[in-house]
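> coordinates for the following, if possible.
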Amino acid sequence: MNNNLDVNWINQKDVIEKTDVKVRHDAIAKSLDLSTEQIVEKLTYLDYDKAKQLIDLIQYYVGDKLNGTGIELGAGSGIFSSVLISAGLERIYALEIVPGLTKHVIPKVAKYYLKNNSDKVIPVLGTFDKISLPDNSLDFAFEYDAFHHSKNLTITYKEIFKKLKPKGILVMIDRCHPDSMTDEELETLLNKQYSKSFLIEHGYDANIKLTRRENGENEYRKCEWLDSIYAAGFNVKIFRTFYPKVNLKQLYWYFLSKVKNEKQQQRSLIKIFLAQNFRIYLSDYYTLASMKESIFIGKTIVILEKPE
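From the prediction side, this is the model:
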């Protein structure tokens, strides 16, 4: 399939007037004169090498399951789709709801990094709640910082579950708040307005007032992620968070502390230290723990499997 052809699973007119889609679509038009590397960094906040580091890390955890036909959900620039093809995937659908990305950016990125193999990346205009592929047809699904845009996590997970083959893998890299986060704290995050400098830097109209909620953001706690994951039928293989490096000096001062409300923090710090330095996990595999790798501080990695 020629990846310069449009593949549309939704009508562009149905999405282009939505605030969160329109502002991103308009911003893309202002970025097309940038180099491919600059576009990737602007949209994804990382470069090709870091994207490859993450895919290498995923391969460490999923073994030989990174093959066949896959889908990147909320693909953005499509950089991960290109890296996944380089890692051995035969074909990948790079699904995005922003027309400017599927028409211009994803094909450009694929051609730049994959050359003659760029047709293995198929840009698709669509949503991850309605995937127009046969059930049980995908070997692998991947998302990076996309699912927090989902309006209903359970619907999203159930749709992907249907499309994956038995034993198929869904890999997520996203943000996950602790269950202790209050509704009020979440509302404060969502109501925050972007600064004028942020709007200019990302190609938005500098004169608009745009909140994180209006830009399609959602903030989910660990329990909300897991409730939707289990409701869809997935098995959880990995659910861990990248934490800043914990050193012995920090542990020393925490051990000396006698303040009662820090006891739980002490226990957590010990868990992080053991996991980072010795890969010893003192909690269940689905509980937030830590990882030695530190290039994605603050992100949570989740690996799910569809049962046979």
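
> okay, now the unreliable bits of the chain?
Counting by pLDDT under 70, the ranges of the chain that qualify are 1-6, 243-246, 252-268, 272, 275-296.

> just give me the neighbour total for Tyr60.
If you count neighbours by other CB atoms under 10 Å, Tyr60 ends up with 9. In short, each C-beta sits where N, CA and C put it, glycine included.

> ok, the spatially most central residue of the chain - contacts?
Centroid-nearest residue in the chain: Tyr144, 1.8 Å away (criterion: CA atoms, centre = their mean). Neighbouring residues of Tyr144 by CB atoms under 8 Å, 6 or more residues apart in numbering: Thr44, Leu54, Glu72, Gly74, Gly76, Phe80, Ile173, Asp174.

> name the nearest residue to the fourth one, sequence neighbours excluded.
Pointing back at Gly74 there. Excluding its sequence neighbours, the residue lying closest to Gly74 (CB to CB, 6 or more residues apart in numbering) is Ala146, at 2.5 Å.

> OK, contacts around the one you found?
With CB under 8 Å, 6+ apart, Ala146 has these contacts: Leu73, Gly74, Ala75, Gly76, Phe128, Asp174.

> Lys162 is in contact with the fifth one, correct?
This points to Phe128. No: checked against CB atoms under 8 Å, the pair Phe128 and Lys162 is beyond contact range at 11.9 Å.

> which one's more surrounded, the two?
A count of neighbours by other CB under 10 Å puts Phe128 above the other of Phe128 and Lys162, at 24 against 17.

> any idea what the closest residue to that one other than its chain neighbours is bridged to?
Nearest non-adjacent residue to Phe128, counting by CB to CB, 6+ apart: Leu73, 4.2 Å away. Following DSSP bridges, Leu73 is listed with bridge partners Leu95.

> for Leu73, give me its contacts.
Leu95, Phe128, Ala141, Phe142, Glu143, Ala146, Phe147, Ile160.

> now the helix or strand harbouring Tyr93: buried residues?
Per DSSP states H and E: Tyr93 is located in strand 91-96. Neighbour-count burial for strand 91-96, counted by 16 or more other CB atoms under 10 Å, picks out Arg91, Ile92, Tyr93, Ala94, Leu95, Glu96.
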